[in-house]
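*Asks:* Sequence first, predicted coordinates after that:
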Amino acid sequence: MVELKTDASIDAMHAAGQVVARALTAARDAARVGVSLLELDEVAREVLREAGASSPFLGYRPSFAPTPFPAVLCTSVNDAIVHGVPTGYRLRDGDLVSLDCGATLDGWAGDSALSFVVGRPRPADLRLIDTAERALAAGIEAAVVGHRVGDIAHAIGRVCRAAGYGIPEDFGGHGIGRRMHEDPGVPNEGRPGRGLPLRPGLVIAIEPMLIAGGTDSYHAAADGWTLRTNDGSRAAHVEHTVAITTSGPRILTARATA
């Protein structure tokens, strides 16, 4: 069931989204060579605690998961696409890191992700991340009243495929509101003019995921959560929570720029 949010509800979701934005910014700023993934998770936890927010990630257990998720932050490094579980792994020079975070504040959820390189970047990694961000921007640009979910999917997929990257099968964005995952699903590839019409009050998480090697295949790691590329190539993941409004898309998880 698709729930349309009121203006007041969208404002409340913006407050939750700003907690997510601050948590991601703080974790990204703390990510340096030698810092562990568990330490990044603790940075994000502290931001949520200070805001009086809870984590929709912590303890989350969908049908595919063997155990509840143990952290507030997904930390996916190099060939990990999404859902990376924070461990004692210490970041190395040149690591490509994707961080995904959610927050629930006053009953409303926000969800966002970013990708970046620690230390000296490879040009190929910068191109991958730039393409992911351009795909996200294209998806957001298509998130307007009168379009359909397929228009968002097509906009994302066109950017990714034109650059020669793979798109993980069966994973994409989603509706969001009182719960982190709501209807509708928002694929990262699709046909324009198809799917649910976009109406004012619909709030969705748009999240391109790109595989550098150009294939779409992946596998679950031994922890049952982390999804890794089958070809061992690197991956990038970016995401924003976006409200459909009569004045255009409103990004609820926008991060402050330096």
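*Replies:* Structure received. Residues are numbered from 1 along each chain as shown.

*Asks:* Could you list every helix and strand in contact with the longest helix anywhere in the chain?
*Replies:* The helix that spans the most residues within the chain, counting by DSSP state H, is helix 7-30. Secondary-structure packing of helix 7-30 (3 or more Cβ pairs under 8 Å, 6 or more residues apart in numbering; DSSP states H and E): helix 37-51, strand 96-105, strand 108-117, strand 240-243. From N, CA and C alone the C-beta is placed, and that goes for glycine too.

*Asks:* Go through those and name the closest to Ala124.
*Replies:* Counting by Cβ to Cβ, Ala124 lies closest to strand 96-105 out of those; the figure is 9.5 Å.

*Asks:* how far off strand 108-117 does the closest one point, in degrees?
*Replies:* Angle, strand 96-105 to strand 108-117, by axes from the mean of the first three to the mean of the last three Cα atoms, to 10 degrees: 170 degrees.

*Asks:* could you dump strand 96-105 to PDB, C-alpha only?
*Replies:* Written as PDB, here are the backbone C-alpha positions of strand 96-105 (Å, rounded to 0.1, in the frame of the first residue of the first chain):
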ATOM      1  CA  LEU A  96      36.500   2.900  -1.900                       C
ATOM      2  CA  VAL A  97      33.900   3.200   0.900                       C
ATOM      3  CA  SER A  98      30.100   3.300   0.700                       C
ATOM      4  CA  LEU A  99      28.300   4.300   3.900                       C
ATOM      5  CA  ASP A 100      24.500   3.900   4.200                       C
ATOM      6  CA  CYS A 101      22.600   5.200   7.300                       C
ATOM      7  CA  GLY A 102      19.100   5.600   8.500                       C
ATOM      8  CA  ALA A 103      17.400   7.400  11.400                       C
ATOM      9  CA  THR A 104      14.000   7.400  12.900                       C
ATOM     10  CA  LEU A 105      12.900  10.600  14.700                       C
END
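
*Asks:* which residues in this structure form helices?
*Replies:* Using DSSP H, helices in the chain cover 7-30, 37-51, 123-141, 149-162.

*Asks:* highest average neighbour count across those helices?
*Replies:* Across the helices of the chain, the average number of neighbours (mean count of other Cβ atoms under 10 Å) peaks for helix 149-162, which reaches a mean of 22.

*Asks:* mind checking how far that one is from the chain centre?
*Replies:* In terms of Cα atoms, centre = their mean, to the nearest Å, the gap separating the centre of helix 149-162 from the centre of its chain is 16 Å.

*Asks:* In terms of secondary structure, what does that helix contact?
*Replies:* Checked by 3+ Cβ pairs under 8 Å, 6+ apart, helix 149-162 has helix 123-141, strand 182-186, strand 203-206 packed alongside it.

*Asks:* For it, C-alpha coordinates in PDB please.
*Replies:* What follows is helix 149-162, C-alpha atoms only, in PDB (Å, rounded to 0.1, in the frame of the first residue of the first chain):
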ATOM      1  CA  VAL A 149       8.400   5.200 -11.200                       C
ATOM      2  CA  GLY A 150       9.600   3.800 -14.500                       C
ATOM      3  CA  ASP A 151      10.800   7.300 -15.500                       C
ATOM      4  CA  ILE A 152      13.000   7.400 -12.400                       C
ATOM      5  CA  ALA A 153      14.300   3.900 -13.100                       C
ATOM      6  CA  HIS A 154      15.000   4.700 -16.800                       C
ATOM      7  CA  ALA A 155      16.900   7.900 -15.900                       C
ATOM      8  CA  ILE A 156      19.100   6.100 -13.500                       C
ATOM      9  CA  GLY A 157      19.800   3.100 -15.700                       C
ATOM     10  CA  ARG A 158      20.500   5.200 -18.800                       C
ATOM     11  CA  VAL A 159      23.400   7.000 -16.900                       C
ATOM     12  CA  CYS A 160      24.800   3.800 -15.500                       C
ATOM     13  CA  ARG A 161      24.700   1.800 -18.700                       C
ATOM     14  CA  ALA A 162      26.100   4.600 -20.900                       C
END
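
*Asks:* Good, we can wrap up now.
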